[in-house]
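Trainee: structural data only, the sequence is not supplied:
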């Protein structure tokens with residue numbers, strides 16, 4: 001082993017490389033806050049390793065994507081754990097990368113000569129979000145499909161070129177097989193290549209300029225500093241240990257969600273993004289109609305432009321927060337707004353889920369009686385597959401979630417009164433309790449199994 005190590009060391013300089021990193025002096029003010037960058041690097045590594053494993057089984061076609069993900073979860077040894085780690089590590093990254101950027105912001109470590117280091121960090125934040133967004137569609141389930149529909153529709157709002165962007169991203173105007181292939185290629189080829197490039201440059205600049213340390217320059221005297229190993233290395237290892245422990249527990253207990261297979265015809269599905277995009281989802285509600293472009297494009301675009309230009313806007317050498325009131329107000333206000341928007345969206349989401357659960361609740365006995373009434377009144381002549389398939393009339397799956405009980409009863413009695421142009425005959429001879437039985441049957445309808 002010694003001969004092999006000596007052979008490799010002579011040709012690759014392993015010992016010199018290790019000594020350079022391990023013996024690199026850090027300012028005496030370096031503390032646990034400075035482990036955020038190492039935590040992000042660790043999580044990116046976890047994502048690459050687990051992503052390679054998942055790619056070995058994945059089939060990037062609408063028919064194969066969902067089946068391959070379900071196969072990994074249910075059949076592959078430790079497949080559920082590995083997919084769970086990949087899913088939860090993405091959520092962790094969406095916490096740790098912004099926190100790392102915030103730490104740099106509040107410590108004013110973006111100032112000369114570290115402007116490019118900061119800009120690369122902003123690009124890495126965008127890449128992290130892009131990984132999360134492109135990964136949405138890959139399982140080809142309802143949540144991923146409809147969240148991607150909403151997300152790509154936002155791209156279409158860009159003035160003049162929005163339609164072309166939409167066609168490039170989706171491979172057409174509709175979200176289908178071409179979109180899935182493109183999202184998969186971007187997720188496993190283009191984004192990882194960009195990540196390696198930007199991350200490599202980021203680490204190179206950190207090495208070149210060193211750690212900025214505290215905003216109090218008197219605490220950054222390297223003659224009083226300490227080497228990265230063993231003190232800071234031990235801190236990084238402790239954080240990595242807690243991260244992997246949390247990932248294993250979450251993947252074992254909760255796993256990664258997998259909704260029903262994507263159904264592009266299901267207009268009843270209400271798309272909801274994962275928690276880290278809820279702030280944007282909530283922001284769009286305050287800009288309806290033609291104003292949507294402000295919430296979807298203008299405000300997020302201005303925010304990232306300000307982030308990129310920050311080192312050139314705030315050029316004065318002072319770094320203490322109390323000497324940078326405008327910058328701290330901007331940063332603190334932004335954090336408060338994002339947290340508030342996320343909280344409001346979660347609150348509304350809970351109300352929506354409660355309403356959906358109530359609308360979907362049915363009495364099995366009443367549903368069974370409703371099924372008999374459905375057959376006796378010849379309803380399947382227009383609603384095929386016991387109401388599950390759209391024929392002359394629409395599929396009834398989800399109808400009880402879209403409409404209240406009162407609306408449905410009126411529709412039974414006089415369809416034209418609530419749905420002008422409807423060709424459905426009147427069923428005003430039915431008693432109200434019979435109509436309620438039909439409604440319970442409609443609530444019980446599920447999709448027919450494939451094939």
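Mentor: Structure received. As the structure is a prediction and not an experimental result, all values here were calculated from the model.

Trainee: same for the helix or strand bottoming out on mean pLDDT in the chain, what does it pack against?
Mentor: Between all helices and strands in the chain, the lowest mean by mean pLDDT, DSSP states H and E belongs to helix 399-402, at a mean of 74. Judged by 3 or more Cβ pairs under 8 Å, 6 or more residues apart in numbering; DSSP states H and E, helix 399-402 is in contact with helix 325-360, helix 432-444. C-betas here are computed from N, CA, C, even on glycine.

Trainee: try it again at 10 Å.
Mentor: helix 325-360, helix 405-413, helix 432-444 (3 or more Cβ pairs under 10 Å, 6 or more residues apart in numbering; DSSP states H and E).

Trainee: what's the first helix or strand after the second one?
Mentor: To tie it back to what came earlier, the one meant is helix 405-413. helix 415-418 (DSSP states H and E).

Trainee: what comes into contact with that following helix?
Mentor: With contacts defined as Cβ atoms under 10 Å, 6 or more residues apart in numbering, helix 415-418 is touched by 403, 406-412, 421-427.

Trainee: could you redo the helices and strands packed on helix 399-402 as CSV and give each row distance to residue 46?
Mentor: Listed next are the helices and strands packed on helix 399-402 as CSV, based on distance: least, Cβ to Cβ, whole Å:
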stretch, distance to residue 46
helix 325-360, 24
helix 405-413, 49
helix 432-444, 42
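
Trainee: nearest to residue 26, of the contacts of helix 415-418?
Mentor: Closest approach to residue 26 among the contacts of helix 415-418 (Cβ to Cβ): residue 403, at 63.5 Å.

Trainee: before we move on, back to that, generate a markdown table for the helices and strands packed on helix 399-402, with mean pLDDT and distance to residue 153 as supplementary columns.
Mentor: A markdown table is the format used below for the helices and strands packed on helix 399-402 (pLDDT from 0 to 100; distance: least, Cβ to Cβ, whole Å):
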| stretch | mean pLDDT | distance to residue 153 |
| --- | --- | --- |
| helix 325-360 | 86 | 18 |
| helix 405-413 | 87 | 28 |
| helix 432-444 | 88 | 30 |
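
Trainee: correct me, but residue 346 touches residue 275?
Mentor: Yes - at 7.2 Å, residue 346 and residue 275 qualify as touching, with contact defined as Cβ atoms under 10 Å.

Trainee: look at those two and report which has more neighbours.
Mentor: Neighbour count, other Cβ atoms under 10 Å: between residue 346 and residue 275, residue 275 has more, with 15 against 12.

Trainee: residues contacting the more buried one?
Mentor: 91, 94, 95, 281, 342, 345, 346, 349.

Trainee: from residue 149, how far out is the fifth one?
Mentor: The spacing between residue 342 and residue 149, counted by Cβ to Cβ, to the nearest Å, is 21 Å.

Trainee: ok, the last one next?
Mentor: For residue 349, the distance to residue 149 (Cβ to Cβ) stands at 18 Å.

Trainee: one more: the first one?
Mentor: Distance check for residue 91 against residue 149: by Cβ to Cβ, it reads 22 Å.

Trainee: what secondary structure does residue 394 sit in?
Mentor: coil (DSSP: H, G, I helix; E, B strand; the rest coil).

Trainee: okay, now it: neighbour count?
Mentor: Count around residue 394 with other Cβ under 10 Å applied: 15.

Trainee: name the nearest residue to it, sequence neighbours excluded.
Mentor: Using Cβ to Cβ, 6 or more residues apart in numbering and skipping residues adjacent in sequence, the residue nearest residue 394 is residue 383, 7.4 Å away.
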